[in-house]
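K.L.:
pasting the sequence and the predicted coordinates here, then a few questions.
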Amino acid sequence: MKRNLLTACFCAALLCSPVFSYADHGPAAQDQTPYIAIFQVQANTGCAAAFDGAAKHVYGPDESSGSGADPAADAGCQGPDDLSGPEEPLSGPVEAFLGPQACVVEEAAADPAADAGSIWDTYRADGDGNEDAAGPDIPIVVNKSVESHIRYFQTRGRKYFEKWLDRSRDYMTMLRSILRENGLPEDLSYIAFIESGLNPTVKSRANAVGMWQFIKGTARTYGLRVDWWIDERMDPEKATLAAAKYFRNLYGQFGSWYLAAAGYNAGEGKVMRVMRRHDSEDFWVLASRKRSFKRETREYVPKFLAAILIGKDPTAYGFEEQPDGALLYDKAAIPNATDFRVIATAAGTTVEEIKRLNPELLRRFTPPNYPDYEVKIPYGTKERFDDYMSKTPPSKTMIPPTR
C-alpha cells in the first residue's frame, strides 16, 4: 500500500512539473537541419488534453523518410505541445499569409467531430477542409502549426531557407512548368523545397534520393531508371515528371491535396488506414487524433504550406526576392555509351560542366543499353555537338582511362 502511494505521488509530481524533451530528428544529408521539438506537459491533465489549441513549436526541416524518437509518443501522448513564454511575433504582415494568389480563408467553426482540446486552431479554405482542385493553387490554411514553421524559417532555419531560395532560381521555373503541363497546381513545387531543399543529389538515411526523395521502388514504378550506371532520381527534369505522375495518382485516390501530400510523405497505404480508423477525409481532423500519423507526417503539411507562403512572397517575410532565372540546357541523343570527355569536346565545354548538368550519371560515361538517352549540354551548343558527333564513329566514343 505504501509503495503504491509513493508511486502515485511520484507520478503526480511529474505531471505538475514542466518536462522538456528534445529530439534530434534531422538527416545526415547536407543542407538539412536538425528537427527540434520542445514540449511542456501541462499540470493536472491527462495525455489526451496535454496540448491546447495554441500549440507553438519549432520544427526544423527533415527528410520525408527520416526516423528518430518521437518525444510525444515516448510520453504516451500524441501531437505538439504548448511552449511556455510569450509567442514570438511574425516579422511579415498578416496579409502576406494569403499572398497574391492564395485562397481567401476564414476561421473555421469548431469541428464537433474533432477531439476536445484539439491541437489544431485551424483556418480553412472551406467548411470541411477539402480543397478545390479546380483552382490554380493549393488552398492555404493558416494555423498555429503553419505559423510556427514560418517562424522557424525566419529564425533558426533562415540560412537553410535562403539557400533553398537561391537554388530556386535554377529549378523552380522548370518544376512549375512541368506541373502546370500535367494539370497540377504549381504550388506542389514547394514539396521539393521541404523534401530536399532543391538539392538534386541529396540522399537520406532511408536511401531516398534526389530533389523529390524517391525510394528506389517508387522511382521505378514511375518510370525512372536506377542501376549501376544511372540514377534518374537525381535528374531534376525526369524526377519532376515522375513526381507529377505520382501526385496525380495520389490526388485521384484521396481527392485532397493535403492528404495527397501526407501520402507522399507516409505512403498512401498509411493514409488509407488512418482514414478508415477515424472515419474522416479531413487531414486536420486526422492529424489531431491519437493513433493517426507520426509527428513527421502531422507536421509535413504545415511545413509545406509555410514554404509556399514564404516562397511566393519572400520579401513579406524578410527574405530577398530572387531574380528570375532558369538552368538552361540543350539535350542531345546519345545512342551508345559515350565518355564525358568526348561529350565535353563535342559541346565545347568541360567535363565538370557535363557532370553538373547530368548529376544522374554515376560513371564517367553515358549508360549502355539506353538507346533513347539524351545527355544535357550547355545551352546553344547543340548544333556544334551534333556536327562533331556525326563525324565520330561509335568506336571512338569511349576513351581508354589514362594512367
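P.N.:
Happy to help now that I have it.
K.L.:
can you give me the helices for the stretch 201-350 of the chain?
P.N.:
Using DSSP state H, counting those that start in this stretch, the helices of the stretch 201-350 of the chain run over residues 216-221, 236-254, 257-266, 268-278, 283-288, 295-312, 340-347.
K.L.:
pull the number of nearby residues for Arg291.
P.N.:
8 (other C-beta atoms under 10 Å). (Each C-beta comes from the backbone N, C-alpha and C, glycine too.)
K.L.:
so it sits right up against Arg277, yeah?
P.N.:
Yes - counting by C-beta atoms under 8 Å, Arg291 touches Arg277, with 6.8 Å between them.
K.L.:
which intervals of the stretch 51-200 of the chain have sub-threshold pLDDT?
P.N.:
The model of the stretch 51-200 of the chain has pLDDT under 70 over residues 51-136.
K.L.:
residue ranges for the strands of the stretch 301-403 of the chain, please.
P.N.:
Taking DSSP state E, counting those that start in this stretch, the strands of the stretch 301-403 of the chain run over residues 329-333, 374-378.
K.L.:
looking at those strands, which is buried most?
P.N.:
Greatest average neighbour count among these goes to strand 374-378 (a mean of 21), per mean count of other C-beta atoms under 10 Å.
K.L.:
so who does the residue lying closest to Phe319 once chain neighbours are set aside touch?
P.N.:
Using C-beta to C-beta, 6 or more residues apart in numbering and skipping the chain neighbours, the partner closest in space to Phe319 is Leu165 (6.1 Å). Contacts for Leu165 (C-beta atoms under 8 Å, 6 or more residues apart in numbering) come out as Gly311, Pro314, Phe319, Glu320, Gln322.
K.L.:
which among those count as buried?
P.N.:
Gly311, Pro314, Phe319 (16 or more other C-beta atoms under 10 Å).
K.L.:
thinking again about what came up before, just give me the closest of the contacts of Leu165 to Tyr152.
P.N.:
Phe319 (13.4 Å; C-beta to C-beta).
K.L.:
and that closest one, its phi and psi?
P.N.:
Per-residue torsions, Phe319: phi -100, psi 160 (degrees, to the nearest 10).
K.L.:
surely it is in contact with Glu162?
P.N.:
Yes - at 6.6 Å, Phe319 counts as touching Glu162 under the criterion of C-beta under 8 Å.
K.L.:
could the strands of the stretch 301-403 of the chain go into TSV alongside distance to Ser256?
P.N.:
Formatted as TSV, the strands of the stretch 301-403 of the chain follow (distance: least, C-beta to C-beta, whole Å):
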stretch	distance to Ser256
strand 329-333	36
strand 374-378	36
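K.L.:
now distance to Phe247 and mean pLDDT too, for these, in TSV please.
P.N.:
What follows is these, written out as TSV (distance: least, C-beta to C-beta, whole Å; pLDDT from 0 to 100):
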stretch	distance to Phe247	mean pLDDT
strand 329-333	24	97
strand 374-378	24	98
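K.L.:
of those, which is nearest Pro393?
P.N.:
Nearest to Pro393 among these is strand 329-333; the distance by C-beta to C-beta comes to 16.1 Å.
K.L.:
helices and strands around the closest one, which ones?
P.N.:
In this structure, strand 329-333 packs against strand 374-378, helix 382-390, with contacts taken as 3 or more C-beta pairs under 8 Å, 6 or more residues apart in numbering; DSSP states H and E.
K.L.:
repeat that with 10 Å
P.N.:
Judged by 3 or more C-beta pairs under 10 Å, 6 or more residues apart in numbering; DSSP states H and E, strand 329-333 is in contact with helix 340-347, helix 351-357, strand 374-378, helix 382-390.
K.L.:
dump the lengthiest helix in the chain to CSV, restricted to CA.
P.N.:
Longest helix of the chain, by residue count under DSSP state H: helix 158-181. C-alpha atoms of helix 158-181 as CSV (Å, rounded to 0.1, in the frame of the first residue of the first chain):
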residue,chain,number,x,y,z
ARG,A,158,16.8,31.0,-42.1
LYS,A,159,20.2,30.2,-43.6
TYR,A,160,18.7,27.0,-45.0
PHE,A,161,15.7,28.6,-46.5
GLU,A,162,17.9,31.3,-48.0
LYS,A,163,19.9,28.5,-49.6
TRP,A,164,16.7,26.9,-51.0
LEU,A,165,15.6,30.2,-52.4
ASP,A,166,19.0,30.6,-54.1
ARG,A,167,18.6,27.2,-55.7
SER,A,168,15.1,28.1,-56.8
ARG,A,169,16.5,30.4,-59.5
ASP,A,170,17.8,27.3,-61.3
TYR,A,171,14.9,24.9,-60.9
MET,A,172,11.6,26.4,-60.0
THR,A,173,10.7,27.6,-63.5
MET,A,174,11.2,24.1,-64.8
LEU,A,175,9.3,22.5,-61.9
ARG,A,176,6.3,24.8,-62.2
SER,A,177,6.2,24.3,-66.0
ILE,A,178,6.2,20.5,-65.7
LEU,A,179,3.5,20.6,-63.0
ARG,A,180,1.4,23.0,-65.0
GLU,A,181,1.7,21.0,-68.2
